[in-house]
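S.K.: what's the 3D shape of this:
(chains A, B, C and D)
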2 protein chains.
Amino acid sequence: MARPTSKDVAHAAGVSQAAVSLVLGDKWRGRVSEATAERVRTAARDLGYRPNLAARNLRLGSTRTVLLVVPALTNDFFARVYTGAARIAAAHDFGVVLYPSPDGIGPAKDPFASARSALDGVIASSMAAGALADIRGADLPLVMLDSDPADTTAAAHVNVDLADGMRQMTEHLLSLGHRRFLHLAADVDSWTFAVRADSIAHALRTAPDATLRTEHAPLTVHGARAAAERALTATTPRPTAVLCDDDIIAAGACKAVRRLGLRIPEDISVTGFDDLALATAVDPELTTIRMPAELVGERGMQALLHVLEGKEPQSDALPVELIVRDSTAPPTA
Amino acid sequence: MARPTSKDVAHAAGVSQAAVSLVLGDKWRGRVSEATAERVRTAARDLGYRPNLAARNLRLGSTRTVLLVVPALTNDFFARVYTGAARIAAAHDFGVVLYPSPDGIGPAKDPFASARSALDGVIASSMAAGALADIRGADLPLVMLDSDPADTTAAAHVNVDLADGMRQMTEHLLSLGHRRFLHLAADVDSWTFAVRADSIAHALRTAPDATLRTEHAPLTVHGARAAAERALTATTPRPTAVLCDDDIIAAGACKAVRRLGLRIPEDISVTGFDDLALATAVDPELTTIRMPAELVGERGMQALLHVLEGKEPQSDALPVELIVRDSTAPPTA
DNA sequence: AGGATGAAGTTTTACGTATAACGTCCGTGG
DNA sequence: CCACGGACGTTATACGTAAAACTTCATCCT
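M.R.: From the prediction side, this is the model:
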């Protein structure tokens, strides 16, 4: 038989469709007797009734579903953001649908083809500058995570104190005695990486004798390895510390250093960013900056829920933490 | 103003709502004049009209959306499966919604809370034995990837020739001269891992002098490291080759080997499985088995589309490939 | 006694879309 | 001169649900 509807349940229980809706919607205290309610419930169970979500969404004018747009799935930062967002959503009887932007960090082309469900709102994390055109056009409430706070198309922002993170990292290296730096910057035009570069430059002003070379690297281990190798061989005297925009880039940098026959951290210190699972999967384990990823997801969802309720959300910069592991040490030269 | 409906567009263009639906649905050849059609289109554009998906889904009785259930997001195998599935889906004007089972490889609790959009079907990848109860109860067409073909609740299966993969890997090590094996098995009751164990046992029958010890390890780098350390110190004489169920476990095993002061591959060979990004991010790069992950996603989606059209899908085992890198070598002892 | 109250339902309506069924006008062939 | 079929639309209806508005009947207070 075809999928049973509430009308079928009503017929089976000998009541009207409205009664079924009341009972199953748990809004029947004082409107339907306990006996009838029980009859409806068993009828529904016997028929295997599942409400038609499309009809409910149409009726209610809301789907209690939000879209989370992320640039990549292979990065567990986003997995943790999702976890946090989904937890808060579940507590408010909302669902989260995940849309990985197909080109990695790049334009999000028609995310609504991927999730044709009607949506109540959108959360976008760490997206590149012009990547959200389609989403903006949809006039849905938008919360941006880890993105330029100056972007006014978003109803709210949730950001991590990245500048403080890169400052802490740079000062960590300075205090170890490093003065010649290589910055392996992600080859992506996104706010989150621009902040890192600024912050390094700013932190180095306190050390006038420090030198900084910047090299751009793709967000893959092998691409980053090639870029690091290039930069390390081309720069004399050789840098003693490599600041990477990301743990993935750092993993590539480590491979490059070893390829050149050098040791980490004795000859060169390497630092990551994000504290991905990768950071402790490689040898040596990376000194890095831990992002409160789940908290970012939670705050993002809370902000969106506030927007949906018409309240004004507040946004503040969440703190990060410097995690010192085995990839940094004082320079020997 | 509130979101415009097709009725608003009709009013603006001076036609009936039906005409709007015909024009925008691209089903108007011979029913509406080109001039009127153009008027409707500009009116729709001016008002920023977007069709209400919930209403359309209700009317059509189909959402052209399928759910992809995966056990984890941090594993790029699943990211690639998604990519393949989404590509095929897009070509057929379908969307894919991703549901990461919250407990990693474990029970999928109410996936429909996560994607309350009505769904036309479900694809589930590599899920543990009893993890799909809720999905089965939803009486939606179900395609299973990388799962027990004997499970008859699925309308179709897409599998990779894992047995052949583990056979190739075992024979690779045998041909290098290894005889003392440690199998680091994933601590998960799922078909995909059961096959690996069987296949190793089967392949070792051709070498009567070979010994095999099996140790269970969690699917995390650190958990696997601990398990590997335990097994390697407890077994004498020490194994010369470690067969891991997964690249993540292999990464942990590598850390364990180095902690014991041994070298890879000179003292101990370590093998992975899946060819994740991690396999080439660690040092040495892992000898592993490459899975045709995107192809799995594509075939899965094709099978589901066939089921939805009432056709019978065919299922065959996709081939894998042995990738020899730097983590395996002949034993020196 | 008689209206007010409340329990236990039912009838009706609306959500926005897609499409089947139905009109209307006009040119044309017989 | 009239029936007939295309071109160009419109009107009406159904999808399944939630909830407002209404009915019915028994009880209770004054």
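S.K.: Which helix or strand lies directly C-terminal to the helix or strand of chain A with the lowest mean pLDDT?
M.R.: Least confident helix or strand of chain A, by mean pLDDT, DSSP states H and E, is helix A:111-114 with a mean of 60. The C-terminal neighbour of helix A:111-114 among helices and strands, as given by DSSP states H and E, is strand A:121-125.
S.K.: Enumerate the positions of the very next helix or strand once past that next one that are buried.
M.R.: Later in the chain than strand A:121-125, the nearest helix or strand by DSSP H and E is helix A:133-137. Of the residues in helix A:133-137, those buried under the neighbour-count criterion (16 or more other C-beta atoms under 10 Å in any protein chain shown) are A:Ile135. For every residue, glycine as well, the C-beta is placed using N, CA and C.
S.K.: Ok, stretch A:11-20 next?
M.R.: Under the neighbour-count rule (16+ other C-beta under 10 Å), stretch A:11-20 has A:His11, A:Ala12, A:Ala13, A:Val15, A:Ala19, A:Val20 buried.
S.K.: could I get those residues as a markdown table with distance to DNA strand D, secondary structure and pLDDT?
M.R.: Converted to a markdown table, the buried residues of stretch A:11-20 look like this (distance: C-beta to the nearest atom of the strand, whole Å; DSSP: H, G, I helix; E, B strand; the rest coil; pLDDT from 0 to 100):
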| residue | distance to DNA strand D | secondary structure | pLDDT |
| --- | --- | --- | --- |
| A:His11 | 11 | helix | 96 |
| A:Ala12 | 12 | helix | 96 |
| A:Ala13 | 13 | helix | 96 |
| A:Val15 | 11 | coil | 96 |
| A:Ala19 | 9 | helix | 96 |
| A:Val20 | 7 | helix | 97 |
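S.K.: OK, contacts around A:Val9?
M.R.: With contacts defined as C-beta atoms under 8 Å, 6 or more residues apart in numbering or on different chains, the neighbours of A:Val9 are A:Val20, A:Leu24, A:Val40, A:Ala43, A:Ala44, A:Leu47, A:Tyr49.
S.K.: let's see 10 Å
M.R.: Applying C-beta atoms under 10 Å, 6 or more residues apart in numbering or on different chains to A:Val9 gives the contacts A:15, A:17, A:19-21, A:23-24, A:40-47, A:49, A:51.
S.K.: Over to A:Pro330?
M.R.: Under the criterion of C-beta under 10 Å, 6+ apart, the contact partners of A:Pro330 comprise A:Leu173, A:Ser175, A:Leu176, A:Gly177, A:His178, A:Thr240, A:Pro265, A:Glu266, A:Ser269.
S.K.: Please indicate which of these are buried?
M.R.: The buried subset of these - by 16+ other C-beta under 10 Å - is A:Leu173, A:Leu176, A:His178, A:Thr240, A:Pro265, A:Ser269.
S.K.: Which pLDDT value goes with the fifth one?
M.R.: You'll see A:Pro265 listed with a pLDDT of 97.
S.K.: Then the second one?
M.R.: At A:Leu176, the predicted lDDT confidence score is 98.
S.K.: all helices for the stretch 101-250 of chain A, in order.
M.R.: In the stretch 101-250 of chain A, the helices defined using DSSP state H, counting those that start in this stretch lie at A:111-114, A:133-137, A:162-176, A:191-204, A:221-234, A:247-259.
S.K.: so what does the third one touch, helix or strand wise?
M.R.: Same thing as helix A:162-176. Using 3 or more C-beta pairs under 10 Å, 6 or more residues apart in numbering or on different chains; DSSP states H and E as the contact criterion, the secondary-structure elements in contact with helix A:162-176 are strand A:180-186, helix A:191-204, strand A:241-244, strand A:269-271, strand A:288-290, strand A:317-318, strand A:321-323.
S.K.: returning to that earlier point: so can I have JSON lines of the contacts of A:Pro330 showing distance to A:Arg290?
M.R.: Below are the contacts of A:Pro330 laid out as JSON lines (distance: C-beta to C-beta, whole Å):
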{"residue": "A:Leu173", "distance to A:Arg290": "17"}
{"residue": "A:Ser175", "distance to A:Arg290": "19"}
{"residue": "A:Leu176", "distance to A:Arg290": "19"}
{"residue": "A:Gly177", "distance to A:Arg290": "24"}
{"residue": "A:His178", "distance to A:Arg290": "21"}
{"residue": "A:Thr240", "distance to A:Arg290": "24"}
{"residue": "A:Pro265", "distance to A:Arg290": "19"}
{"residue": "A:Glu266", "distance to A:Arg290": "25"}
{"residue": "A:Ser269", "distance to A:Arg290": "18"}
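S.K.: for the residues you listed, which one is nearest A:Trp28?
M.R.: A:Leu173 (65.3 Å; C-beta to C-beta).
S.K.: ok, the residue of the stretch 101-250 of chain A found nearest DNA strand D - contacts?
M.R.: With distances taken as C-beta to the nearest atom of the strand, the stretch 101-250 of chain A approaches DNA strand D most closely at A:Ala118, which sits 13.0 Å away. Applying C-beta under 10 Å, 6+ apart to A:Ala118 gives the contacts A:53-54, A:57-58, A:61-63, A:65, A:112, A:140, B:50-57, B:116-117.
S.K.: make it 8 Å
M.R.: A:Asn57, A:Thr63, A:Thr65, B:Asn52, B:Leu53, B:Ala54, B:Ser117.
S.K.: Flag whichever of those scores worst on pLDDT.
M.R.: Of all the contacts of A:Ala118, B:Ser117 carries the smallest pLDDT score, 65.
S.K.: what about the residue at minimal distance from the centre of chain A, which SS state?
M.R.: Central residue check for chain A by C-alpha atoms, centre = their mean: the C-alpha nearest the mean position is that of A:Phe78, 3.6 Å away. At A:Phe78 the chain is in helix, as set by DSSP: H, G, I helix; E, B strand; the rest coil.
S.K.: From B:Thr63, how far off is the closest residue to it other than its chain neighbours?
M.R.: Here the nearest residue to A:Phe78 in space, its sequence neighbours aside, is A:Val70; by C-beta to C-beta, 6 or more residues apart in numbering or on different chains that works out to 4.1 Å. A:Val70 sits 23 Å away from B:Thr63 when distances are taken as C-beta to C-beta, to the nearest Å.
S.K.: now swap in A:Asn159 and tell me
M.R.: A:Asn159 sits 35 Å away from B:Thr63 when distances are taken as C-beta to C-beta.
S.K.: ok, now A:Val15?
M.R.: As for A:Val15, its distance to B:Thr63 is 29 Å (criterion: C-beta to C-beta).
S.K.: wait, doesn't A:Ala72 sit right on A:Tyr82?
M.R.: No: taking C-beta atoms under 8 Å as the contact criterion, A:Ala72 and A:Tyr82 are not neighbours in contact, 12.0 Å apart.
S.K.: surely A:Val40 meets A:Ala19?
M.R.: Yes: counting by C-beta under 8 Å, a contact exists between A:Val40 and A:Ala19, whose distance comes to 6.5 Å.
S.K.: who touches both of the two?
M.R.: Listed contacts common to A:Val40 and A:Ala19 are A:Ala10, A:Ala13, A:Val32; contacts here mean C-beta under 8 Å, 6+ apart.
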